[in-house]
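Chemist: fold the following.
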Amino acid sequence: MPGKSPSNVIEPTMTPLLVSAQGVSQLLSVSTRQVWAMHSSGMLGPLPVHLGGRTLWRTAELREWIELGCVRREEWLDRRKVRKNL
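Modeler: Take a look at the predicted model:
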């Protein structure tokens, strides 16, 4: 059909489900180096996933973490545990 995109084409307006440290840095307006420092120190709540040799963070978790006030990882994990048990 003319004018219709194939279903396997990613539209430019789609939000990625996973982002790299560089993507996290853009979301948080900090440097990539700062993202790694926050991750190492436990300041960055969400833990990354590893996919195809890459380290990526779930954007949904990052947004939720921001909504909670950017709590430290300990508190983030405690809140996630409580939520899963409900």
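Chemist: C-alpha from now on. contacts and neighbour counts both.
Modeler: OK.
Chemist: biggest strand in the protein by residues?
Modeler: In the chain, assigned by DSSP state E, the strand with the most residues is strand 54-58.
Chemist: contacts made by that one with the rest, please.
Modeler: For strand 54-58, the surrounding residues in contact (C-alpha atoms under 8 Å, 6 or more residues apart in numbering) are 17, 18, 19, 20, 21, 24, 46, 47, 48, 49, 50.
Chemist: let's see 7 Å
Modeler: By C-alpha atoms under 7 Å, 6 or more residues apart in numbering, the residues outside strand 54-58 that reach it are 17, 18, 19, 20, 21, 47, 48, 49, 50.
Chemist: partner strands of it and their direction?
Modeler: Strand pairing for strand 54-58, using DSSP bridges, gives strand 18-19 (antiparallel), strand 49-51 (antiparallel).
Chemist: what's the distance between the following helix or strand past the first one and the middle of its chain?
Modeler: Beyond strand 18-19 on the C-terminal side, the first helix or strand identified by DSSP states H and E is helix 21-28. Centroid displacement of helix 21-28 relative to its chain, using C-alpha atoms, centre = their mean, to the nearest Å, is 9 Å.
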